[in-house]
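Novice: The sequence and its predicted three-dimensional model are supplied below.
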Amino acid sequence: MTPRSGMAAPLRHRNFRALALGRTLTYGGNSVATVALGFAVLDVTGSVVDLGLVVGARSLANVTLLLFGGVVADRLPRPLVLQGSCALAAATQATLAASVLLGFATLPLMVALSLANGAAAAVNLPAAAALTPQTVPAGLLQRANALLRIGVHLGMFGGMSAGGLIVGWVGPGWAIGINGAMFAISGVCFAFLRIPTGGEPGQPRTRPLRDLVEGWREFSSRTWVWLVVGQFTVVNATWSATTAVLGPALADDTFGRTLWGVLMATNSVGLVAGGVLAARWQPRRALAYGVALISLMALPMLALAGSPVPLVLFPAMFLAGAAAEQFSVAWEVSLQQNIPQRRLARVYSYDALGSFLALPAGEIAVGPIAERVGTGTTLTGMAALLLVATAVTAASRSVRGLARAEPGS
């Protein structure tokens, strides 16, 4: 394989390097916070229900503003949108870290800061995802998406590992402060992107409501798109409820906080491994293959449902990560090859809205449900929901029939 056609070929493009580094830092910082936030809330309030409220507040703001984020990303220069979202996220995390370290953190303050952080993520996600096809030639799109996600998950691995160690050594406040600093640095990286405004040249400027309607038509006209998004309404809600709420609570009661951080890092190693494989090979009907593999994400839920045994949890978390990344690369390429560029951010925003729609409800409700019926029963039920949603989607002809376009075709 020559350098031009090799796995690292997208890195020859300056805009791609800036995007990749910025996204890696963003996700790496968020991974530190994923480990730290749960323990920060538990230290302040001691309540898994309160933890669900704080985590759910971020998801609620994210879901509520995603459509707005997609319109903004299709109307304004996407690098500028990313810089602004990083600045807001850095400010929220710096304030949260100060409140924890200086002892003035309260549940209302943490909820408010989570809402602001979710708003920043709502404009960041569609802008970053829609930028990828603008940073590399079309023939490098599969490798570019795989490399982006490998970088993201290397950042997540480092973030999860560092988060567990920092929380165990000096407490969650310092870890959240590092998250804020990483957001600020990622904003600087996005400043090096040299890409014009999102719309196509010569396209008349329309009203935001009409933009939303146009994006909805693009989204709803493809059965495979809304079916997969429906699947991930269930997948994301159950996975987040497991890793952001019940997992930290179980870790506190059993094997400890540091090991939980290592388990989350193991999941990131699986994500990286899945990304490396996806960069080198995916079947022609990659979307159907990826959708079916999502069933492996039920393994950690089932492993946690009994008496949690790290020896079982480590391979379960690794396999879940590898499966998720095989799907994610196939999904990104499927959207980018089939959706017009000028509508792509809006379709991503509908994708994210549907995929994250149940996150707040799942994160907020899972604590009370677990207290009522038991943590093991709750985790087993969530695993069953994930498997049913995956089976229904994998059985669809529109999903099974979608083929990946080959380079040069």
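Specialist: Received the coordinates, thanks.
Novice: all contacts plus neighbour counts: C-alpha atoms, from now on.
Specialist: Fine.
Novice: what bits of the stretch 51-200 of the chain have low per-residue confidence?
Specialist: Along the stretch 51-200 of the chain, the model assigns pLDDT under 70 to residues 196-200.
Novice: got it, and the stretch 301-409 of the chain?
Specialist: Judged by pLDDT under 70, the stretches of the stretch 301-409 of the chain that qualify are 359, 404-409.
Novice: change it to 50
Specialist: Where the stretch 301-409 of the chain drops to pLDDT under 50, the residues are 408-409.
Novice: how many other residues sit next to the residue nearest to Thr106 when sequence neighbours are not counted?
Specialist: Nearest residue to Thr106 in three dimensions, chain neighbours excluded: Val44, at 7.1 Å (CA to CA, 6 or more residues apart in numbering). Neighbourhood size, Val44 [other CA atoms under 10 Å]: 17.
Novice: same check, this time on the one 4 residues further on
Specialist: By the criterion of other CA under 10 Å, Val48 has 23 neighbours.
Novice: Surely it is in contact with Val245?
Specialist: Yes. The pair Val48 / Val245 is scored as a contact, 6.9 Å apart, by CA atoms under 8 Å.
Novice: who touches both of the two?
Specialist: Residues touching both Val48 and Val245 (CA atoms under 8 Å, 6 or more residues apart in numbering): Gly367.
Novice: For the stretch 151-300 of the chain, just list every one of the helices.
Specialist: 172-190, 208-220, 223-240, 247-253, 257-280, 286-293, 298-305 (DSSP state H, counting those that start in this stretch).
Novice: Just tell me which of the ones you listed ends up closest to Arg75.
Specialist: Closest approach to Arg75 among the helices of the stretch 151-300 of the chain (CA to CA): helix 208-220, 8.9 Å.
Novice: buried stuff in the closest one?
Specialist: Buried residues in helix 208-220, counted by 16 or more other CA atoms under 10 Å: Asp211, Leu212, Gly215, Trp216, Glu218, Phe219.
Novice: Around the residue nearest to Ala292 when sequence neighbours are not counted, how many other residues sit close by?
Specialist: Nearest non-adjacent residue to Ala292, counting by CA to CA, 6+ apart: Ala394, 5.8 Å away. Neighbourhood size, Ala394 [other CA under 10 Å]: 24.
Novice: circling back to that earlier point, got a markdown table for the helices of the stretch 151-300 of the chain, with distance to Thr24 too?
Specialist: Listed next are the helices of the stretch 151-300 of the chain as a markdown table, based on distance: least, CA to CA, whole Å:
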| stretch | distance to Thr24 |
| --- | --- |
| helix 172-190 | 8 |
| helix 208-220 | 28 |
| helix 223-240 | 20 |
| helix 247-253 | 24 |
| helix 257-280 | 12 |
| helix 286-293 | 23 |
| helix 298-305 | 25 |
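Novice: In terms of mean pLDDT, which of those ranks lowest?
Specialist: Of all the helices of the stretch 151-300 of the chain, mean pLDDT reaches its minimum on helix 208-220 (a mean of 78).
Novice: Ala237 and Pro10, how far apart?
Specialist: Using CA to CA, to the nearest Å, Ala237 is found at 33 Å from Pro10.
Novice: cool, and Gly367?
Specialist: 44 Å.
Novice: next one: Val44
Specialist: 45 Å.
Novice: cool, Val269 as well?
Specialist: Taking CA to CA, one finds Val269 at 22 Å from Pro10.
Novice: I'm done for today, thanks for sticking with me.
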